[in-house]
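[1] Predicted coordinates and the sequence they were generated for:
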Amino acid sequence: MKLRQCILKLILLTGGVFAREAIPFPGNADVATIRVGIYQNSPKIFTDDSGNPSGIFVEILQQIAQDNGWALEFVPGEWYENLQRLESGDIDLMPDVAYSDARAQQFDFNKITVLNNWAQIYTTTLSDIESVADLAGKTIVAMRDDYSYVEFKRALLEFGIKCRFLEVDSFEEVFLALDDRRAEAGIISRFFGLSDHKEHDVRLTTIMCCPARLHFAVTKGDPKNLLVNIDASVKQMRDLDSSAYYLAIEKWLGQSAEWHLPIWMRHLSTFLLALFIALILAALLLRMQVKRITKKLESAQELIIQNQRLSALGEMASGIVHDFRNELSPILGSCDLLLMHKDKWTDLTFIEENLNRIKSAASDSEQIVTRLQQFYRPVEQTEKLDAVDLDQVISESIDLSKHRLDATHTVKVVHNLNARALIAGNQAELRQAIMNLIFNAYDAMPDGGSLILQTENRGDEVLFTVEDTGIGMSDEVRKRALEPFFSTKGEDGTGMGLAMVYGTIRRHFGKIEIESILGKGTVISIRFPLLQVTQSV
């Protein structure tokens, strides 16, 4: 006797360990012809090149039919088609059906497990997929209504792994989809993979899933009273080493059935079963303890969440203060200019310029709360965006920031606005974002320097750059600069400035890149999709 033969016998026996110990053999059922669904799933069940039904389940079923005096009529079709036929009663019997509680609501199953199965993940030969995590973002092909597909898809969702799924009608089409590179991975029954994978340009991974017990299934209610006869025949075959059951397994899987189970293997099986039951009991006790501890943790977690919400509310309030402070600066600065130069109150141009600054800043202030509510929110399809002259908005933002930049006369502002382009946007939001960039650059140059703002057309985009000669950023700071509430200014900063800029750019379908050298300065590049080119500004 070979050890692998003993192990095979043990697996086959334990596959039906929870079936009834004894099932009476009732004799022939009063039926003439049994309509049996057949589909292509070699070596379990398939139609060969000559059109004859073949496979493990077919040979076992033929022996069952002989025991009971049945005539078999095989009805070919795709897997899902035969399941539909079985549910509607158009066929009487379907071999090779994995048991599940959901399917038990649709069909009735024989009690003794015929075979144990699981699914394996195949990939293209050039793929580097080796673990379940590697499947994220990939396209997975599977046979529709296959038990393993349904279970694996549910498991991926529970783990938060998002994939695309391609459904086909057979396992053969799963392999063909991998050959054609329409998918990166495929879910295949281990039996079909063993017999068919060499015919395709695929690779077997180490990913296995979805253990299943394979049975015979009948229409709900078992109208022809087939299941009790099937179980009686299967039990009789499994008790005899030379039966059609073991001969089919030997023929199609290459395993010998001419051996007897040694006494030590029986004792080992009993021990393993007892150990399995003990582990289940231990797991149940552990589960009860975990539930008690979980309740305590949930109470503590609720308190932590409440504190985190209060903290986040405080940080958001700081962000609101930050934006209002930026908007109040041009208002207060313009008012100061008016009060300092009363002799110019008769100069209508002077008065109008300052009042326009006050009006623009006040108007932008009204939208701050709304924009905070829309933070990181994408533009809704119903939201109307205007055609905005980007160069004009930048010029207005520079003008609104002058009162702060001119206070020290140490920051030289250079603007080279050559885009003359229209983009789809909201002027107030864009002005607020640009002023944030200007003030950030000003804060980065405490000892003075140059601030350069430029625009130019780049194909179907407009490029807007803000460059300063300030203190620059380290790589670590640069990578986190766009995060909400991240700041290097201590109590003087809220960490909302660049985060708000980023949110605004995203809502305008733009992209932002930051390049910086510590001690030399920073360049912020922003790209907006071009609406059209204006004639002049």
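    The structure has been received and is ready for your questions.

[2] Stretch 73-90: end-to-end distance?
    Taking CA to CA, to the nearest Å, stretch 73-90 runs 12 Å from one end to the other.

[3] Then stretch 87-96?
    Using CA to CA, the end-to-end distance of stretch 87-96 comes to 15 Å.

[4] buried ones in that stretch?
    Going by neighbour count (16 or more other CB atoms under 10 Å), the buried part of stretch 87-96 is 87, 91-96. In this view, the C-beta of every residue, glycine as well, is placed from N, C-alpha and C.

[5] which residue is nearest the middle of the chain?
    Nearest to the mean C-alpha position of the chain, by CA atoms, centre = their mean, lies Lys162 at 1.6 Å.

[6] Does that one touch Gly137 like I think?
    Yes: using CB atoms under 8 Å, Lys162 is in contact with Gly137, at 6.8 Å.

[7] give me the element the closest residue to Ile121 other than its chain neighbours is part of.
    Among residues not flanking Ile121 along the chain, Ile207 sits closest, at 3.9 Å (CB to CB, 6 or more residues apart in numbering). Assigned by DSSP states H and E, Ile207 belongs to strand 202-219.

[8] and if you look at Glu173?
    helix 171-179.

[9] Show the average pLDDT along that helix.
    In this model, helix 171-179 has an average pLDDT of 93.

[10] same deal with stretch 130-148?
    Regarding stretch 130-148, the rounded mean pLDDT is 90.

[11] cool, and stretch 518-529?
    Stretch 518-529 carries an average pLDDT of 92.

[12] just stretch 411-420 next, same as before
    Stretch 411-420 carries an average pLDDT of 85.

[13] What residues sit buried inside it?
    Of the residues in stretch 411-420, 411, 413, 417, 419-420 count as buried by neighbour count, 16+ other CB under 10 Å.

[14] Repeat that for stretch 70-86.
    Across stretch 70-86, burial judged by 16+ other CB under 10 Å covers 70, 72, 74-75, 77-83, 85-86.

[15] So what would you say the end-to-end distance of it is?
    Using CA to CA, the two ends of stretch 70-86 sit 18 Å apart.

[16] quick one: average pLDDT of that stretch?
    93.

[17] Check whether Ile140 sits in a helix, strand or coil.
    Using DSSP: H, G, I helix; E, B strand; the rest coil as the criterion, the local structure at Ile140 reads strand.

[18] Quick check: it touching Lys162?
    No: if you go by CB under 8 Å, Ile140 and Lys162 don't touch, sitting 11.0 Å apart.

[19] Show me where the stretch 1-150 of the chain dips below the pLDDT cut-off.
    Applying pLDDT under 70 to the stretch 1-150 of the chain picks out residues 1-31.

[20] Would you map the strands across it?
    Remark: strands assigned in the stretch 1-150 of the chain by DSSP state E, counting those that start in this stretch are 33-38, 46-47, 53-54, 71-76, 93-98, 107-109, 115-124, 139-143.

[21] Can you say which of these is packed in most?
    A comparison of these by mean neighbour count, using mean count of other CB atoms under 10 Å, puts strand 93-98 on top with a mean of 26.

[22] ok, and the closest non-adjacent residue to Trp416?
    Let me fix one detail, which is that residue 416 is Asn and not Trp. Gln454 (4.6 Å).

[23] any idea how far the one you found is from Ser525?
    Going from Gln454 to Ser525 by CB to CB, to the nearest Å gives 10 Å.

[24] list the residues that contact both of these two?
    Residues touching both Gln454 and Ser525 (CB atoms under 8 Å, 6 or more residues apart in numbering): 464-465.

[25] ok so, going back, how about the residue nearest to Asn416, what does it touch?
    Gln454 makes contacts with 415-418, 464-465, 467, as judged by CB under 8 Å, 6+ apart.

[26] ok, so what distance separates Lys162 from Ser127?
    Lys162 sits 18 Å away from Ser127, going by CB to CB.

[27] ok, now Val466?
    Counting by CB to CB - Val466 and Ser127 are separated by 43 Å.

[28] more neighbours, the two?
    Val466 (21 against 17; other CB atoms under 10 Å).

[29] Pretty sure the more buried one sits in a strand.
    Yes: applying three-state DSSP, one finds Val466 inside a strand.

[30] State the pLDDT value of it.
    Predicted confidence (pLDDT) for Val466: 93.

[31] show me the contacts for Lys344.
    With contacts defined as CB under 8 Å, 6+ apart, the neighbours of Lys344 are 350-351.

[32] For it, what are phi and psi?
    phi -100, psi 10 (degrees, to the nearest 10).

[33] For it, give its distance to Ile358.
    Distance from Lys344 to Ile358, counting by CB to CB: 16 Å.

[34] Domains in the protein, by residue range?
    3-116+211-261, 384-533 (automatic domain parsing).

[35] any chance of those in TSV, with distance to Leu176 too?
    Shown next, in TSV, are those (distance: least, CB to CB, whole Å):
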stretch	distance to Leu176
domain 3-116+211-261	12
domain 384-533	39
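
[36] Quick one: closest of these to Leu286.
    Nearest of the domains of the chain to Leu286, taken as CB to CB: domain 3-116+211-261 at 22.2 Å.

[37] Show the pLDDT at Asp492.
    Listed pLDDT for Asp492 reads 51.

[38] The closest residue in space to Leu156 that isn't next to it in sequence - how many residues pack around it?
    Closest residue to Leu156 apart from its sequence neighbours, by CB to CB, 6+ apart: Cys163 at 5.9 Å. By the measure other CB under 10 Å, the count of residues near Cys163 is 17.

[39] Quick one: residues contacting Cys163.
    Residues counted as contacts of Cys163 (CB under 8 Å, 6+ apart) are 135-140, 156.

[40] do the same with Pro43
    Counted by CB under 8 Å, 6+ apart, Pro43 has contacts 55-56, 191-192, 194-195, 252-253.

[41] so is Ser395 in a helix, a strand, or just coil?
    Of the three states, Ser395 takes helix under three-state DSSP.
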